[in-house]
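> Quick one, what's the 3D model for this:
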Amino acid sequence: MKLMVNLGKDSYPLYIKNNILSQAASYISEVFSGRRIIIISDDHVYPLYGSSLMKNLSEQYECHQLVLPHGEATKSFKSLPAIYTAMLNAKITRSDLVIALGGGVIGDLAGFAASSFLRGVSLVQIPTSLLAQVDSSIGGKVAVDLPQGKNLVGAFYQPSMVLIDPMVLDTLNERFITDGMGEVIKYGCIKDADLFHTLESHGSFEKLKEELPAIILRCVDIKRMVVENDQYDTGERMLLNFGHTLGHTIEQHFNYQRESHGEAVAIGMFQITKLAQEQYLTAPGTAKRILDVLQTYGLPYECGLSLQELTDAIALDKKNLNNLLNVVLLREIGSSYIHPTTLDFFKKSIRNI
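Modelled structure (predicted):
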C-alpha cells in the first residue's frame, strides 16, 4: 500500500508492506541517487534488522552505521556529538542519506541530527515499533529532550520516504506492542469512532492482530490528512496531542524510567477526559469507554501523582500559544477539539491522577 503525504515541495511517499525491509534498496532508489548512506539505529533493533538492511543497501551504496543505546535517555543533546562525529567520519555530505532504523526515539533523534547536520541531509524513516509506525515516523517532527521537558528542542523536517514493515512487529516484546496501542487508541478517540469500536469489540491484541496492517494504515492515513492541513502544528495538528499534555509530564516526572510514551499517553487520555467530564466539556460516559479499552489492551490509566505536582511542567507545554494552554478534549469518541484554557483547568481538581 502506498500513500503520498502531499506537502508541496516536501511531499513524500509512504509504503506499508510485509517484508518491505528486505527490498529497501529498490524503494530508496526512487528518492535517493547519492552515494553514501548512514544507518542510525539502537542496540535492540540493529542486531535484528541492521545486518540484512546493510547487505541489501550495500549492493548499490556505500553504507555506514551507528548503533546507540536504546531508551528515551538517548534522545538528548549528549547523543548528538557522537552522531555528528559518525557522520563526519563517514564523509556524509548534503547529497547523502540518513536512515533512521528504530522506534520513536531513534526516529526523532536521527531526524533531528539529519535536519541540523550541514543544515540538512536527506532522511528516510524505517520505523520498527508499533508506536513509530502509526505515529511518530510520519509528519516530520524531530526533536531531543531537555531535563525540563520532552521534545522541547526540535524541528519540522520531513523525510524523503517512510517504509513500514508490519512483519517486524513480531519481534517486539509485549510491552512495546501495548505501548503502541496507546497511540492507536488515540486515533480512534480523536478522529475515528469506527476504529475505536473495532478496538472495543476485539477484546485483546491477539484477536486484533490479523487486522493490524489495516489498522496501521488507518492511523497513518488520519495523520497524513491532519499533517497536510496543518504541517507546522498551529491548528488541527494539535489534536494529535490528545493525552500528551499530561502524558509528557508524567514521563518527565519519572525521568523516562517508569511509564513508556504510550503508557503515559494512555493515562493522559483517560485523566484529561475525566477532568473534562467533570467540567461538562465532554459527553458523559466518554471516560468510561476509554478506561475500558485501555484495560482491554493492558494499558495504565492512573499514575498516583497529584495534578499539583505536574503543573510546572504543563506550563512549559509546546501547545501554549498567546498565553493560553491549548488542551485537546473530546466532545465524544471520534470527535475532538482544542480548548484554550489556563492552568486553572487542572487546578480545579485536587485528587491524584
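> how about the helices in the stretch 1-150 of the chain?
The residue ranges that make up the helices of the stretch 1-150 of the chain, judged by DSSP state H, counting those that start in this stretch, are 24-28, 51-58, 80-89, 104-116, 130-131.
> which one of those lies closest to residue 278?
Comparing these against residue 278 with CB to CB, the closest turns out to be helix 130-131 (29.3 Å). Quick note: C-beta positions are derived from backbone N, CA and C, even for glycine.
> average pLDDT for the closest one?
Regarding helix 130-131, the rounded mean pLDDT is 96.
> So what touches it?
Outside helix 130-131, the residues that touch it by CB atoms under 8 Å, 6 or more residues apart in numbering are 103-104, 169, 172, 176-177, 179-184, 216, 261-262.
> gap between the helix or strand hosting residue 245 and the chain center?
Here residue 245, judged by DSSP states H and E, is contained in helix 244-253. Put simply, helix 244-253 sits 14 Å off its chain's centre (CA atoms, centre = their mean, to the nearest Å).
> Point out the other helices and strands that that helix packs with.
Judged by 3 or more CB pairs under 8 Å, 6 or more residues apart in numbering; DSSP states H and E, helix 244-253 is in contact with strand 149-156, helix 261-278, helix 307-314, strand 324-332.
> Redo the ones you listed as TSV? Include mean pLDDT, mean neighbour count and distance to residue 225.
Output for these, formatted as TSV (pLDDT from 0 to 100; neighbours: other CB atoms under 10 Å; distance: least, CB to CB, whole Å):
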stretch	mean pLDDT	mean neighbour count	distance to residue 225
strand 149-156	89	17	17
helix 261-278	96	25	20
helix 307-314	77	17	28
strand 324-332	93	20	17
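> would you turn those into CSV with distance to residue 298?
CSV is the format used below for the helices and strands packed on helix 244-253 (distance: least, CB to CB, whole Å):
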stretch, distance to residue 298
strand 149-156, 23
helix 261-278, 9
helix 307-314, 24
strand 324-332, 22
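> nearest to residue 300, of those?
helix 261-278 (5.4 Å).
> Rounded mean pLDDT for the helix or strand just after the closest one, please.
On the C-terminal side of helix 261-278, the nearest following helix or strand under DSSP H and E is helix 286-296. Averaging pLDDT along helix 286-296 yields 97.
> Name the nearest residue to the residue of the chain most remote from its centre, sequence neighbours excluded.
Relative to the C-alpha centroid of the chain, counting by CA atoms, centre = their mean, residue 59 is the outermost residue, at 31.3 Å. With CB to CB, 6 or more residues apart in numbering as the measure, residue 25 is the residue that lies nearest to residue 59, at 6.4 Å, once sequence neighbours are left out.
> Could I get the pLDDT score of the one you found?
pLDDT, residue 25: 96.
> wait, it sits on residue 55?
No: counting by CB atoms under 8 Å, residue 25 sits too far from residue 55 to count as a contact (9.6 Å).
> who's more crowded, these two?
When residue 25 and residue 55 are compared for neighbours, residue 25 comes out ahead with 18 against 12, by other CB atoms under 10 Å.
> contacting residues around the more buried one?
With contact taken as CB under 8 Å, 6+ apart, residue 25 is in contact with 56-57, 59-61.
> Residue 133: which of those is nearest?
If you rank the contacts of residue 25 by distance to residue 133 using CB to CB, residue 56 comes first, at 19.5 Å.
> First-to-last residue distance for stretch 198-213?
Stretch 198-213 stretches 14 Å from its first residue to its last (CA to CA, to the nearest Å).
> for it, which positions count as buried?
Of the residues in stretch 198-213, those buried by neighbour count under the rule 16 or more other CB atoms under 10 Å are 198-199, 202, 205, 208, 212-213.
> Report pLDDT for the most centrally placed residue in the chain.
Taking CA atoms, centre = their mean as the criterion, residue 136 is the residue nearest the geometric centre of the chain, at 2.6 Å. In the predicted model, residue 136 carries a pLDDT score of 94.
> got a list of what the nearest residue to residue 115 once chain neighbours are set aside touches?
Among residues not flanking residue 115 along the chain, residue 157 sits closest, at 3.6 Å (CB to CB, 6+ apart). The neighbourhood of residue 157, defined by CB under 8 Å, 6+ apart, consists of 111-112, 114-115, 120, 123, 140, 142.
> mind redoing it with 7 Å?
Taking CB atoms under 7 Å, 6 or more residues apart in numbering as the contact definition, residue 157 lies against 111, 114-115, 123, 140, 142.
> next one: phi and psi at it?
With angles defined as degrees, to the nearest 10, residue 157 shows backbone torsions of phi -140, psi 100.
> Assess the claim that residue 152 and residue 146 are in contact.
Yes: with contact taken as CB atoms under 7 Å, residue 152 and residue 146 are classed as touching, separated by 4.6 Å.
> measure the residue nearest to residue 115 to residue 135 for me?
Applying CB to CB, to the nearest Å, the value for residue 157 to residue 135 is 16 Å.
> what does residue 209 give?
For residue 209, the distance to residue 135 (CB to CB) stands at 19 Å.
> Likewise for residue 245?
Applying CB to CB to residue 245 and residue 135 gives a distance of 16 Å.
> Pull the residues that contact stretch 294-308.
In this structure, residues lying in contact with stretch 294-308 by CB under 7 Å, 6+ apart are 178, 181-182, 185, 203-205, 250, 253, 259, 263, 266-267, 270, 291, 346-347, 349, 352-353.
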